[in-house]
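Asker: can't give you the sequence, but here's the structure:
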């Protein structure tokens, strides 16, 4: 996901104002932080068993080794519960 966020922000930077980009980049950084905090727990609930993943895999940040497949499932919790805590 880190690469997805980087590509997205790079492309966005070419189409929006500097002020908007700063605000949106902050939102993306906070969303990435939320994914790293709760991503493994959400994935565990979804898969019911994380033992199917290599142990070394889970020692890394969620966004470092996962794609965006489960990101939408975290979005609601991020917007309603985590974002207000971050701000």
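Answerer: Structure received. The structure presented is a predicted model; accordingly, all values stated were derived computationally and were not measured. Residues are numbered from 1 along each chain as shown.
Asker: which SSE is residue 38 in?
Answerer: Following DSSP states H and E, the helix or strand that holds residue 38 is helix 18-47.
Asker: Which positions in that helix come out as buried?
Answerer: By neighbour count on 16 or more other Cβ atoms under 10 Å, the buried set for helix 18-47 is 30, 31, 32, 34, 35, 36, 38, 39, 40, 42, 43. Quick note: C-beta positions are derived from backbone N, CA and C, even for glycine.
Asker: Just give me the neighbour total for the residue lying closest to residue 21 once chain neighbours are set aside.
Answerer: Nearest residue to residue 21, sequence neighbours excluded (Cβ to Cβ, 6 or more residues apart in numbering): residue 13, at 5.3 Å. By other Cβ atoms under 10 Å, 13 other residues sit near residue 13.
Asker: distance of residue 13 from residue 68?
Answerer: Residue 13 is 19 Å from residue 68, where distance means Cβ to Cβ, to the nearest Å.
Asker: cool, residue 11 as well?
Answerer: With Cβ to Cβ as the criterion, residue 11 and residue 68 are 15 Å apart.
Asker: which one of these two has more residues nearby?
Answerer: Higher neighbour count among residue 11 and residue 68: residue 68, with 12 against 9, using other Cβ under 10 Å.
Asker: so that one, which of the three states?
Answerer: coil (DSSP: H, G, I helix; E, B strand; the rest coil).
Asker: Do I have it right that it meets residue 1?
Answerer: Yes: with contacts counted by Cβ atoms under 8 Å, residue 68 reaches residue 1, the gap being 5.7 Å.
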